[in-house]
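Asks: Quick one, structure for this:
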Amino acid sequence: MAATKRSPRKRNTKARAPDVAVKVDARLKKLWDKTLADIREAQQKGAGSFDRLWEAAASVVDHDPPLYVLGGYASAAEFFDQVLHEDERAARRFIRVARYATPAEEDKYGTSVLDAALGYVEARIGKPLDGPLPVAFDRLKIEVNREGKKARLPLEQLTVAEIAAAAKALRKTGKAASRASETQRAMSTALGAVKALSEVHVQERNGLASFSRVPVAQLKAFAKRLLAVKLPAQAPAKTKAKTKTKPT
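Replies: Okay, here's the model as predicted:
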């Protein structure tokens, strides 16, 4: 039987894309390696290193460009999942707690209560936190309903559910409350930028501002800082029309 003649294979003439060499910034690579080592060490030490762990995680995702790309991670979610073993939502909450709370406060209140408290503060100022915390955790009191009675209680006496409910109630107050909190936030941020005034507590309600914990030695700096604050526009106050009285 005659052998069948095979047609010669056609060579693939399509040119292969050459390997592209990506230049890695040596300084950023060194920073990534150091931060990752800090994360690994904090993970080994356990709960006592919560603050260190999540502050290091924040430095990875907040860096420009994000440091996780140097580890081969495509997104913050992937970095959180594969390195921190947390979903992105939980990781972001932990980062926020580590940013605003001290290790002593984390031990005293617990991260869940602190996370809820930060959510309450954000509801009160009408925006996500950006800058100094407007009120210290140990001075924060939240109004709750207990057995049909209203009470203003400190964090250590509150549950996560009560704090979340109070935050939800605040969000229902509408634009007027948001406008007031914008003014409070502007003053708090300005004062918090000065180390000697960072413990000053600002409260604004119905167009009236009050301040506490102002150091006497810093009164001049306090006044100067306040005068420089650019306050958000306020809605003009409504005046009651005068009524004429009929002569008797």
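Asks: Excluding chain neighbours, give the residue nearest to residue 144 in space.
Replies: Sequence neighbours aside, residue 162 is the residue nearest to residue 144 in space, at 4.6 Å (criterion: C-beta to C-beta, 6 or more residues apart in numbering). Any C-beta I mention is one placed from the backbone N, CA and C, and that applies to glycine too.
Asks: That neighbour and residue 32: what is the separation?
Replies: From residue 162 across to residue 32, the span is 41 Å (C-beta to C-beta, to the nearest Å).
Asks: try residue 170
Replies: 40 Å.
Asks: quick check: mean pLDDT across the helix or strand hosting residue 162?
Replies: Here residue 162, judged by DSSP states H and E, is contained in helix 160-171. Average pLDDT, helix 160-171: 92.
Asks: pLDDT below threshold where in the protein?
Replies: Along the chain, segments meeting pLDDT under 70 span 1-24, 173-181, 205-206, 234-248.
Asks: Domains in it, by residue range?
Replies: When the chain is parsed with automatic domain parsing, its domains come out as 26-100, 103-172, 175-233.
Asks: Using JSON lines, lay out those domains together with mean neighbour count.
Replies: Formatted as JSON lines, the domains of the chain follow (neighbours: other C-beta atoms under 10 Å):
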{"stretch": "domain 26-100", "mean neighbour count": "16"}
{"stretch": "domain 103-172", "mean neighbour count": "16"}
{"stretch": "domain 175-233", "mean neighbour count": "15"}
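Asks: Quick one: residues contacting the spatially closest residue to residue 230 that is not a sequence neighbour.
Replies: Nearest residue to residue 230 in three dimensions, chain neighbours excluded: residue 186, at 7.0 Å (C-beta to C-beta, 6+ apart). Counting by C-beta atoms under 8 Å, 6 or more residues apart in numbering, residue 186 touches 229-232.
Asks: if we go to 10 Å?
Replies: For residue 186, the contact set (C-beta atoms under 10 Å, 6 or more residues apart in numbering) comprises 125, 202, 204, 229-232.
Asks: Let's see which of those residues end up in strands.
Replies: Judged by DSSP state E, strands contain the following of the contacts of residue 186: 202, 204.
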